[in-house]
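[1] generate coordinates for the sequence data below:
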Amino acid sequence: MTNTNYPSASATPQSQPNKNKNSKNIVIGLLAAGLLGTWGYLLWDKNKSGETISKQQTQIAALDSAKTDIQMEFDNALARLDSVTGANNNLQGQLTDKQKEIDAKKSEIRKILNDKNATQAQLAKARTMISELNDKITGLEAEVSRLTGENQELTAANTTLKEEKATLETNLTTTKSEKESLEKTVDVGSTFSASNIQVTPVDEKKSGKEKNTSTAKKVDKLVVSFDVENRIAKSGPADMYLIVTAPDGKVISEAGSVLNTRQDGEKTFTARIPVNYEQGTRKPVQFPIKQGDFKTGDYKVEIYHNGFKIGEGVRSLKKGGLFS
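    As a prediction, the model looks like this:
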């Protein structure tokens, strides 16, 4: 049976109240349905908003966790960098060349980590730069290892060189001592020897003739002659020194020159006689000694070369007599 809001031709006056009652029920039903729908929508919207908030909170928590992990990675990288650069000062020069690049990466990484609103893309970029920084640090660690090995080798080599130097210095000292000893031996060995020493008193006549005299007052000069030789001495000039001591104990010397002898100290010498020596030969030497008056008594003649006395002789002048 179909109900309608329009009265039929057969409707009676008693059906009118029923009609109004049905209309009111329909309106109440519609309002109730609308209210339930509104409540349902509000509940759905609230649940939806809760899900969105929960999702956002999860995303925020994930970002915070990622940032914390990246911060830890960054701190670890910086610690490694400090350890590497502090472990070997030899890297300071090499690090200076890369310092600008490293500082730039560190600055950019810090900027991202300090940004509260940093996105996942920015955090990913920071993680990539930290990885690059770690690669550089790994390279520096390898460099430290290489330099440490080289340093150990250099230390060992330096120790060896010091030992070799000490040995060389010892050998050099020994060689120097031996050289000095040899030079001294050669020096002493090159000293001439004097032989055939003679002291001849001479009387010079006005005519220019000379003859040996037997009296002191007639002596005008003492001619000292001797031969010198040395088998190892090289050819060349050599100086012989004569010391003639008069009977009064005084050395006949005009200049008062002093000779440093090796055994007798300083001695005043009478004359220095240059000799042009030829190696392997016997060289005759002759030198006249003159003074105002020759006294009666012994005249002592000493011959020096190279600071050593190489010969000596004594001649006596007698009053009115001949030489013995």
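[2] export the helix or strand hosting Val314 to CSV, keeping only CA atoms.
    Element membership for Val314 (DSSP states H and E) is strand 308-317. C-alpha atoms of strand 308-317 as CSV (Å, rounded to 0.1, in the frame of the first residue of the first chain):
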residue,chain,number,x,y,z
PHE,A,308,168.6,20.3,17.0
LYS,A,309,172.3,20.4,17.7
ILE,A,310,173.9,18.5,14.9
GLY,A,311,177.6,19.0,15.7
GLU,A,312,180.1,20.9,17.8
GLY,A,313,183.9,21.5,18.1
VAL,A,314,186.4,23.4,20.3
ARG,A,315,189.5,25.3,19.2
SER,A,316,192.0,26.9,21.5
LEU,A,317,194.0,30.0,20.9
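[3] mind listing what that strand pairs with, with the direction of each?
    Based on DSSP bridges, the pairing partners of strand 308-317 within the sheet are strand 297-305 (antiparallel).
[4] which residues touch the partner strand?
    Strand 297-305 has contacts (C-beta atoms under 8 Å, 6 or more residues apart in numbering) with 191-192, 194, 197, 199, 216, 222, 224, 226, 228, 238-248, 259, 261, 267, 269, 309-317. The C-beta positions use only the backbone N, C-alpha and C, and glycine is treated the same way.
[5] so which of the residues you listed are in strands?
    Using DSSP state E, the subset of these located in strands is 194, 197, 199, 222, 224, 226, 228, 238-245, 259, 267, 309-317.
[6] please check those and keep the buried ones.
    Neighbour-count burial (16 or more other C-beta atoms under 10 Å) is assigned, among the ones in strands among the contacts of strand 297-305, to 194, 197, 199, 222, 224, 226, 228, 238, 240-245, 259, 267, 309-311, 315, 317.
[7] so how far is the strand holding Val314 off the chain centroid?
    Averaging C-alpha positions (C-alpha atoms, centre = their mean, to the nearest Å) puts strand 308-317 63 Å from its chain's average.
[8] try stretch 220-231
    Distance, centroid of stretch 220-231 to centroid of chain: 62 Å (C-alpha atoms, centre = their mean).
[9] ok, stretch 143-150 next?
    With C-alpha atoms, centre = their mean, you get 19 Å for stretch 143-150.
[10] change the start of the numbering to 9 and stick with it
    All right, first residue 9 from here; so that's stretch 151-158.
[11] how about that stretch: buried residues?
    For stretch 151-158, the neighbour count (16+ other C-beta under 10 Å) marks 151-152, 155 as buried.
[12] got these as CSV, with distance to Glu286, pLDDT and secondary structure columns?
    Below are the buried residues of stretch 151-158 laid out as CSV (distance: C-beta to C-beta, whole Å; pLDDT from 0 to 100; DSSP: H, G, I helix; E, B strand; the rest coil):
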residue, distance to Glu286, pLDDT, secondary structure
Glu151, 73, 72, helix
Val152, 74, 70, helix
Leu155, 69, 72, helix
